[in-house]
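>>> curious how this folds, go ahead:
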Amino acid sequence: MNRREFLTGSAWMGLAAFAGGCASARFFGTEGAPMQGFRCAPMKKIRVGIVGLGARGAGPVWRLPAIPGVEVTAICDIVSEKIAEKQKTITDRGFPKAKEYLGPEAYKALCEDPNVDVVYSTTPWNLHTPVALYAMEHGKHVLTEVPAAMTIDECWAQVETAERTKRHCMQLENCCYGETELLALNLCRKGVLGDLMYGEAAYVHDLSGQALSKEGDVEWWRLDWNAQHKGNQYPTHGLGPVCQYLGINRGDQFDHLVSMENRQARMTLRAEAKKAGRFLGKEIAMADMNTTLIRTKLGRMILLAHDVSSPRPYTRYNTIQGTKGILTDYPYRVAFETEIGDGKAHKYFKEEEAEKVRKDYMHPLWAAAGELGKKIGGHGGMDFVMDLRWVYCLMNGLPLDMDVYDLAAWSSMCELTERSVRAGSRTLDCVDFTRGAWQTAHPLGIETVDMSKFNFKDMKTDKNALNV
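Next comes the predicted model:
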């Protein structure tokens, strides 16, 4: 299959409907990437509607109203008890009651609500694109949980809708705002690691216990999706930060990839051990470990891994290697040369020196908001730092750190890796959603927030915040 045949394969996963209105713009119309560097008029007040109030949706209901200038004006779910619970969270803290929307398609009414400026989507994966498209079509900026799209057609649909409606469409990749990820970005931008050559990105998290869950339990839909699909269906937590280090879509671009995986065993073992669960006696498509190698236009390489089955500690790898040194995570280690060939990177720095690097090169954004983020909670504070940053950008008319082209490139790995695996680990071309504009775009800089513009007070810790 050649590149054009691959990109126009609209029958993939039955999503031809998304491709129908997009093909001409994709191949013959819009040139470049008009949403790169896109700015909207500064917003003095940001009214947010949250769609999906499950595990992910609980966090923004807590965090967002606490940011000065932000109000959660609408909440939506298919379960009335979740709406009542989150409404209580809002009102108990003294914030105005949000308008409630209940039902499978109630998100449409929320997107039409004139008192909503930004739609914050924390739904199951299959709803990310429908919610995003409907929101943009009704004039709303969109922030979408990960992965924001599950197919190439969904990626293109979000790109082209954002371009046509001139609305921000950002993937909520919170890991780009972790303390160590921001430290690594700072080291990269200051040239400490030299010419960047190689990165490692992963999501390794043992979720096999959920193989025992029944329908209606937390995230059962996620494991059902994995049971039907191969490849890497959750690529962005590790990949997003590495893409920012390397300037993917901004000076470099994915070129081609090959994906390979072992066989599936662990989910079946967990179900059989307890003689219970959704996967007992069922065939599971997804392997225990998927590994993908991506080569970029500038000759760099990224190793991308996914494993939600194996009994091993959580890791995102988070490794960036340059011609002068390396930073790697889980645990955090760093080593770099002062002068080429001085041998200082032959071993990782000792703990005291590594901690000095962490302090000396702390990213300004984390220095400004990290401690407050830790207090409020949410994956060690990164969730709050992410939300504070996009709010700051909208209030000041700045481009968002992650645009719709980043959303598409990172999320496209879901389909590309599965296609490669199902084709016997065949090499596939990647998709350039910027249509060549990556060659002139500038990498993400060392951005921060001016905390003096916010008047934080009476901040409370969210004891239920996700901290994995």
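>>> shaky segments in the stretch 151-300 of the chain?
Applying pLDDT under 70 to the stretch 151-300 of the chain picks out residues 213-219.
>>> quick one, helices of it?
For the stretch 151-300 of the chain, the helices defined by DSSP state H, counting those that start in this stretch occupy 152-165, 179-189, 220-228, 236-246, 266-274.
>>> how close does the residue positioned nearest the centre of the chain sit to Asp206?
Nearest to the geometric centre of the chain sits Glu173, at 2.8 Å (Cα atoms, centre = their mean). Distance, Glu173 to Asp206, using Cβ to Cβ, to the nearest Å: 22 Å. Using the backbone N, CA and C atoms, a C-beta is placed for each residue, glycine as well.
>>> circling back to that earlier point, which of the helices of the stretch 151-300 of the chain is buried the deepest?
helix 236-246 (a mean of 28; mean count of other Cβ atoms under 10 Å).
>>> what's the offset of that helix from the middle of its chain?
Helix 236-246 has its average C-alpha position 9 Å from the chain's average C-alpha position, going by Cα atoms, centre = their mean, to the nearest Å.
>>> which elements pack onto it?
helix 179-189, strand 196-204, strand 301-307, strand 319-322, helix 404-411 (3 or more Cβ pairs under 8 Å, 6 or more residues apart in numbering; DSSP states H and E).
>>> just those: most buried one?
helix 404-411 (a mean of 28).
>>> show me what that one is packed against.
With contacts taken as 3+ Cβ pairs under 8 Å, 6+ apart, helix 404-411 sits against helix 152-165, strand 169-171, helix 236-246.
>>> how does it look with 10 Å?
Using 3 or more Cβ pairs under 10 Å, 6 or more residues apart in numbering; DSSP states H and E, the elements in contact with helix 404-411 are helix 128-137, strand 141-144, helix 152-165, strand 169-171, helix 236-246.
>>> so what touches the fourth one?
Where contact means Cβ atoms under 10 Å, 6 or more residues apart in numbering, the residues beyond strand 169-171 that reach it are 35, 38, 118-119, 128, 132-133, 135-136, 140-149, 158-159, 161-163, 236, 240, 386, 390, 393, 400-408, 410-411.
>>> what about Arg260, neighbour count?
Careful, residue 260 is Met and not Arg. 15 (other Cβ atoms under 10 Å).
>>> got it, and Lys44?
7.
>>> contacts only, for it.
By Cβ under 10 Å, 6+ apart, Lys44 lies in contact with 69, 395.
>>> once you drop chain neighbours, what's closest to Pro104?
Ile78 (5.6 Å; Cβ to Cβ, 6 or more residues apart in numbering).
>>> determine the number of other residues adjacent to the one you found.
Neighbour tally, Ile78, other Cβ under 10 Å: 17.
>>> what do you get for the one 5 residues further on?
Using other Cβ under 10 Å, Ile83 is surrounded by 19 other residues.
>>> select, out of the helices and strands packed on helix 404-411, the one closest to Asn262.
helix 236-246 (18.6 Å; Cβ to Cβ).
>>> tell me the pLDDT at the residue nearest to Pro104?
The model reports Ile78 with a pLDDT of 96.
>>> now it: how far from Asp429?
Taking Cβ to Cβ, one finds Ile78 at 39 Å from Asp429.
>>> over to Ser259?
Ser259 is 13 Å from Asp429, by Cβ to Cβ.
>>> go on, Pro443?
When Pro443 is compared with Asp429 (using Cβ to Cβ), they lie 23 Å apart.
>>> and for Gln210?
Counting by Cβ to Cβ, the gap from Gln210 to Asp429 is 34 Å.
>>> quick one: which of the two has more around it?
Legend: neighbour count by other Cβ under 10 Å for Gln210 and Asp429, higher for Gln210 (20 against 16).
>>> pLDDT value on the residue sitting furthest away from the middle of the chain, please?
No residue in the chain sits farther from the centre than Asp342, which is 37.7 Å out by Cα atoms, centre = their mean. Looking at Asp342, its pLDDT reads 96.
>>> start at 41, not 1
Got it, first residue is 41 now, which makes that one Asp382.
>>> on that earlier part again, and the helices and strands packed on helix 444-451 as a markdown table, adding distance to Trp265?
A markdown table is the format used below for the helices and strands packed on helix 444-451 (distance: least, Cβ to Cβ, whole Å):
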| stretch | distance to Trp265 |
| --- | --- |
| helix 168-177 | 12 |
| strand 181-184 | 16 |
| helix 192-205 | 14 |
| strand 209-211 | 18 |
| helix 276-286 | 15 |
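>>> number of nearby residues for Ser460?
For Ser460, the neighbour count with other Cβ under 10 Å is 26.
>>> and it, what element?
helix 453-462 (DSSP states H and E).
>>> swap in Glu393?
Judged by DSSP H and E, Glu393 forms part of helix 391-400.
>>> can you show me the CA trace of that helix as PDB?
Extracted in PDB, the C-alpha atoms of helix 391-400 (Å, rounded to 0.1, in the frame of the first residue of the first chain):
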ATOM      1  CA  GLU A 391      22.400  11.900  43.600                       C
ATOM      2  CA  GLU A 392      23.700  15.200  45.000                       C
ATOM      3  CA  GLU A 393      24.900  16.500  41.600                       C
ATOM      4  CA  ALA A 394      21.700  15.300  39.900                       C
ATOM      5  CA  GLU A 395      19.600  17.200  42.400                       C
ATOM      6  CA  LYS A 396      21.700  20.300  41.800                       C
ATOM      7  CA  VAL A 397      20.900  20.000  38.100                       C
ATOM      8  CA  ARG A 398      17.200  19.600  39.000                       C
ATOM      9  CA  LYS A 399      17.400  22.800  41.000                       C
ATOM     10  CA  ASP A 400      19.600  24.900  38.700                       C
END
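>>> mind listing what's buried in that helix?
Residues of helix 391-400 classed as buried: 394, 397 (neighbour count, 16 or more other Cβ atoms under 10 Å).
>>> now do the contacts for the residue nearest to Leu104 when sequence neighbours are not counted.
Nearest in space to Leu104, with sequence neighbours left out and distances taken as Cβ to Cβ, 6+ apart, is Val110 at 5.1 Å. By Cβ under 10 Å, 6+ apart, Val110 lies in contact with 83, 85-88, 100, 103-104, 135, 157-158, 427-428, 431, 434-435.
>>> helices along the stretch 41-190 of the chain, start to end?
43-47, 56-60, 63-67, 98-103, 120-132, 146-152, 168-177.
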